[in-house]
Every structure is written in structure tokens, then in C-alpha cells.
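1. coords please:
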Amino acid sequence: MARVVATIKIMPESPDTDLSSIEEEAREKIRSFSGNDDMKSVQEPIAFGLKALKITFVMDESQGSPDSLEEDLRSIEGVNSVETVDVRRAVG
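-> All right, here's what the predicted structure looks like:
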């Protein structure tokens, strides 16, 4: 099966929410879901001090949709919403 590169956007509840603790817990859940440590995360400014956390990771195509991962990530304390913003096959 092919490898897939997916990006998930996590929105915190407020600008005061600690993104580093959300990122740490999200990375663990993604690692458990994908079985892979290949991840990159960035904080994207939204407005008025609010920042979104975008995590890009690699998973096997046979795992299907990351919908179950989204549900798992929504359970993290301080998370308002989770959205898969990009999924594409890896080349090479």
C-alpha cells in the first residue's frame, strides 16, 4: 500500500490555552494511530492572539480515513475543534 501524508488542524478553546500540552498529547495519539514518528507541527496565527496547531504526519493508506483520529483528538482538554485539512499520497 501507498503512504499518505495528512495534515490535521487543531483549534484551541481560547488564546490562553496551552498549545504545547495539546501538541504533546496530540502527537502521542497520532503516533498511536499511524504507527509512525514522522510528524511536523506548526502554529498558525488566526486572529486576536488565537493560534491553530497544524500537525502533518505520515500514515499507511490501508488505515483509511483519519476520522477516528479526529474524534480521539477532540477529547483532548482545551481543544475546540479538529479538522483534516489535507490528505495526499506520498510520492517516492
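
2. any idea which element residue 51 lies in?
-> Per DSSP states H and E, residue 51 falls inside strand 50-60.

3. buried residues in that strand?
-> Buried positions in strand 50-60, judged by neighbour count with 16 or more other CB atoms under 10 Å: 50-59. All C-beta spots, glycine's among them, are computed from the backbone N, C-alpha and C.

4. what's it packed up against?
-> Judged by 3 or more CB pairs under 8 Å, 6 or more residues apart in numbering; DSSP states H and E, the packing partners of strand 50-60 are strand 3-12, helix 19-34, strand 39-47.

5. Let's see that with 10 Å instead.
-> Counting contacts by 3 or more CB pairs under 10 Å, 6 or more residues apart in numbering; DSSP states H and E, strand 50-60 packs against strand 3-12, helix 19-34, strand 39-47, helix 67-74, strand 79-89.

6. Could you dump the buried residues of strand 50-60 into JSON lines with pLDDT and distance to residue 20 added?
-> Putting the buried residues of strand 50-60 into JSON lines (pLDDT from 0 to 100; distance: CB to CB, whole Å) gives the following:
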{"residue": "50", "pLDDT": "95", "distance to residue 20": "15"}
{"residue": "51", "pLDDT": "96", "distance to residue 20": "11"}
{"residue": "52", "pLDDT": "97", "distance to residue 20": "14"}
{"residue": "53", "pLDDT": "97", "distance to residue 20": "9"}
{"residue": "54", "pLDDT": "98", "distance to residue 20": "14"}
{"residue": "55", "pLDDT": "97", "distance to residue 20": "13"}
{"residue": "56", "pLDDT": "96", "distance to residue 20": "18"}
{"residue": "57", "pLDDT": "95", "distance to residue 20": "18"}
{"residue": "58", "pLDDT": "93", "distance to residue 20": "22"}
{"residue": "59", "pLDDT": "91", "distance to residue 20": "23"}
